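Colleague: Just need the structure, nothing else, for what follows:
(one chain, ligands or ions: 1)
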Amino acid sequence: MQIFIDTAEISLLKELHETGLVDGVTTNPSLIAKSGRNFLEAIKEIAELIPGPISAEVAATDAPTMIKEGEKLSAIASNVVVKLPLTFEGLKACAHFASQGIMTNVTLCFSVTQALLAAKAGATYVSPFVGRLDDMGFNGMELIEEIRAVYDTYGYETEILAASIRSDAHVKAAALAGADCATIPPAVFKTLVKHPLTDKGLEQFVSDWKGTGQSIL
Ligand code: E4P
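Modeller: Reported below is the predicted structural model:
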């Protein structure tokens, strides 16, 4: 499963990129607002830092303007993915970009039928929002499983990008459900490597090794 980071904070991306484990980045208008950065400059900087797909979301809600905005975003760098909302207007823009070979991420997906439409519109990625469904008392991860089943049945190549991830458990469940990618907030990414038995075991190994008085180098 590919790991994307869900942030527009360059300093965090630099830090996490050093792990060699970051495959891409997703942003949205709320994350850009939180960063306080100029949108176009931030996307350029992120796209230069991380070689994988970088999602940049349009602001318009009508297809013709989404197309103009998406063309501008896509021209920033070859790894920019145009992020579009899951509306009929967004899907029209998605089909346009698919015909031009421009990558798209259809976002704000909350149902299987929406995901089916995104695939039919030729989306490169569809982003089902797991955490926001959980917040409403639904099982967000079931949506990932169902989209996986539908896409596999019909051979759709749209990649399932599990979004609105809130925990280590969400990442595990997304992987088990067959999501192609998960976009993970930096704080959650940092928890993925942690396990108390790893810390305890390492502490013991370090201490026992010291006791031998040896050195490998
Ligand atoms: C995905 O593309 C979105 O940016 C993000 O995952 C939304 O997460 P949230 O529900 O925590 O805002």
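
Colleague: Does the residue most central in space within the chain belong to a helix, a strand or coil?
Modeller: Residue closest to the average C-alpha location in the chain (Cα atoms, centre = their mean): residue 183, at 2.9 Å. Secondary structure, DSSP: H, G, I helix; E, B strand; the rest coil: residue 183 is strand.

Colleague: Tell me where the model's unsure across this structure.
Modeller: Judged against pLDDT under 70, the chain has no low-scoring part.

Colleague: what helix or strand does residue 93 sit in?
Modeller: helix 88-99 (DSSP states H and E).

Colleague: oh sorry, the question was meant for residue 170
Modeller: helix 168-176.

Colleague: Just the CA trace of that helix, in CSV.
Modeller: What follows is helix 168-176, C-alpha atoms only, in CSV (Å, rounded to 0.1, in the frame of the first residue of the first chain):
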residue,chain,number,x,y,z
ASP,A,168,-2.9,3.3,13.3
ALA,A,169,-6.0,1.0,13.4
HIS,A,170,-7.3,2.8,10.3
VAL,A,171,-4.1,2.3,8.4
LYS,A,172,-4.1,-1.4,9.3
ALA,A,173,-7.7,-1.8,8.2
ALA,A,174,-7.1,0.1,5.0
ALA,A,175,-4.3,-2.2,4.1
LEU,A,176,-6.4,-5.3,5.0
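
Colleague: Would you mind measuring from the residue nearest to the centre of the chain to residue 212?
Modeller: Distance, residue 183 to residue 212, by Cβ to Cβ, to the nearest Å: 44 Å. Just so you know, the C-beta spots here come from the backbone N, C-alpha and C atoms, and that holds for glycine as well.
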